[in-house]
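Q: Please find the sequence and the predicted model below.
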Amino acid sequence: MRDVLDQSDLEAKAHRLVEAAKRAGADRADAVAIRGVSLSVGVRLGAVEDSERSEGDDFGLRVFVGRRFATVSANTLANPDEIATRAVAMARVAPEDPWADLIEPERLARAFADLDLLDPSTPSAAELTERALACEDAARAVAGVTNSGGAHASWSLGGMVLATSHGFSGAWLRSGHSLSVTAVAGEGTAMQRDWEASSKIHAADLDTPDRVGRSAGERAVRRLNPRKVATVTAPVIWEPRAATGLVGHLLGAINGAAIARKTSFLKDRRGTAVFAPGITIVDDPYRPRGLASRPFDGEGVAGPVLKLVEDGVLNHWLLDGATARELGMASNGRASRGTGSPSPGSTNVTLLAGTVGRDDMLKSVKSGLFVTDMIGSGVNGITGDYSRGASGFWIENGEVTEAVSEITVAGNLADMFARLVAADDLEYRFAVAAPSLMIEGLTIAGR
């Protein structure tokens, strides 16, 4: 474990790549070194189905010759000069790019926040097996559960080193623990399945195997004997884990790359009211133990906490250096990075809780849909047209009643965002978090 945690060798290799690029004739360069280690165990029906461990380092070098650039990646670093020479040769024949470059030196992080992203405990395969078996046993113990889709327990450790020719050097590591299970209820063609999962940075924060398994089993049983509904226009409420998809559609629409290409239905809406008053959405890279927390982004910028949306008004795009330059703006530290070039992305995104209790929200609906799962990805990012398969439960006179399936929810995201209402049941379960969300007047297509 000590060897895995020690990144000094990766830092040295990243700097060797940058120095090799200078010797090869690059004007500017940056290098990333990414370490990944994982261990997972899968079980089904009380027996181990698979056990996997992976471990490896990956390297990426980006070089600039004037306004031309190229990237090269490798999983070994026996000869940095050979990699650098190849990258510079590629850059010399690449087309000029007026926007790509290293981030401006004054924007580089000078200090790194301690975000408590590393759990030093490392579970053994036996411990992961015990977690997975206990989780599946809890799911199978729920009355009405007839089969299992399997349970998985895993541990991972990932991190990044970034070194640049203009003096930046930084590194971070992040651990991860997860537990998931799929339960099957019913028989024959009437079977239904559902799942539950827990993912955390520290193992101590995981939901217990019993709680994860029992939730999956109960959810699967509740879905038995679904009916189809007639096509209707009615309110729709998304439970928290389904509501994160709506936030995800916003993140795609405010990605700087989509804005620069003019392929977003929100391309002209920054600074205007996009959501209903009271809606605030925050992107926070510094949440302690956050699933997407990091002390700096893929270009070395410690970007600020952003209120992407504040009281309904859209304030920011997600920008890395290149998209910011193209848009005549400055990076806000949202560069995501593998071994290739950076691209804009988000970190820990939260749609903040509203003031309406979910029970009160449900009681306000005379007839409508309570969504627990979305299917497919039928969203047009250019127009905002939204049409996705869904399943869940019908709401009648303010009460959640029978299960429904094989339905489609349709609307336009611009109109949907403007009518969105947030409940007070915010859940921090994923990198994108949201409470239950309600939108009135959507088309629910059924039989």
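A: Here it is on my side, so go on. Numbering: from 1, shown residues only.

Q: For the stretch 201-350 of the chain, which segments are assigned as strands?
A: Here the stretch 201-350 of the chain has its strands, by DSSP state E, counting those that start in this stretch, at 232-238, 281-284, 306-310, 313-314, 335-336, 343-344, 348-351.

Q: show me where pLDDT drops low in the stretch 251-400 of the chain?
A: Low-confidence segments of the stretch 251-400 of the chain (pLDDT under 70): none present.

Q: go with 90
A: 375-378 (pLDDT under 90).

Q: Which stretches in the stretch 1-150 of the chain count as strands?
A: Under DSSP E, counting those that start in this stretch, the stretch 1-150 of the chain gives strands at 28-44, 47-65, 68-74, 145-164.

Q: Run through who's touching stretch 393-410.
A: 192, 222-229, 235-237, 362-372, 374, 386-392, 442-446 (Cβ atoms under 8 Å, 6 or more residues apart in numbering). Glycine gets a C-beta too; all of them are placed from N, C-alpha and C.

Q: mind exporting that stretch as PDB, just the C-alpha atoms?
A: Output in PDB follows, covering the C-alpha atoms of stretch 393-410 (Å, rounded to 0.1, in the frame of the first residue of the first chain):
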ATOM      1  CA  PHE A 393     -45.600   5.000  -9.700                       C
ATOM      2  CA  TRP A 394     -48.800   6.800 -10.400                       C
ATOM      3  CA  ILE A 395     -49.900   9.600  -8.100                       C
ATOM      4  CA  GLU A 396     -53.600   9.800  -7.400                       C
ATOM      5  CA  ASN A 397     -55.200  12.400  -5.100                       C
ATOM      6  CA  GLY A 398     -51.800  13.100  -3.500                       C
ATOM      7  CA  GLU A 399     -50.900   9.500  -2.800                       C
ATOM      8  CA  VAL A 400     -48.300   7.200  -4.500                       C
ATOM      9  CA  THR A 401     -50.400   4.200  -5.800                       C
ATOM     10  CA  GLU A 402     -49.600   1.500  -8.300                       C
ATOM     11  CA  ALA A 403     -46.500   0.900 -10.300                       C
ATOM     12  CA  VAL A 404     -46.400   2.100 -13.900                       C
ATOM     13  CA  SER A 405     -44.000   1.300 -16.800                       C
ATOM     14  CA  GLU A 406     -43.500   1.600 -20.500                       C
ATOM     15  CA  ILE A 407     -44.100   5.300 -20.600                       C
ATOM     16  CA  THR A 408     -42.300   8.400 -22.000                       C
ATOM     17  CA  VAL A 409     -42.000  11.800 -20.400                       C
ATOM     18  CA  ALA A 410     -41.700  14.600 -23.000                       C
END
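
Q: got a list of what Asp429 touches?
A: Just so we're on the same page, residue 429 is Arg rather than Asp. Here Arg429 is in contact with Ser198, Ser199, Pro240, Arg241 (criterion: Cβ under 8 Å, 6+ apart).

Q: Narrow those to those in helices?
A: Pro240, Arg241 (DSSP state H).

Q: export the contacts of Arg429 to JSON lines and tack on neighbour count, pLDDT and distance to Asn315?
A: Below are the contacts of Arg429 laid out as JSON lines (neighbours: other Cβ atoms under 10 Å; pLDDT from 0 to 100; distance: Cβ to Cβ, whole Å):
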{"residue": "Ser198", "neighbour count": "19", "pLDDT": "98", "distance to Asn315": "32"}
{"residue": "Ser199", "neighbour count": "18", "pLDDT": "98", "distance to Asn315": "29"}
{"residue": "Pro240", "neighbour count": "21", "pLDDT": "97", "distance to Asn315": "24"}
{"residue": "Arg241", "neighbour count": "19", "pLDDT": "95", "distance to Asn315": "26"}
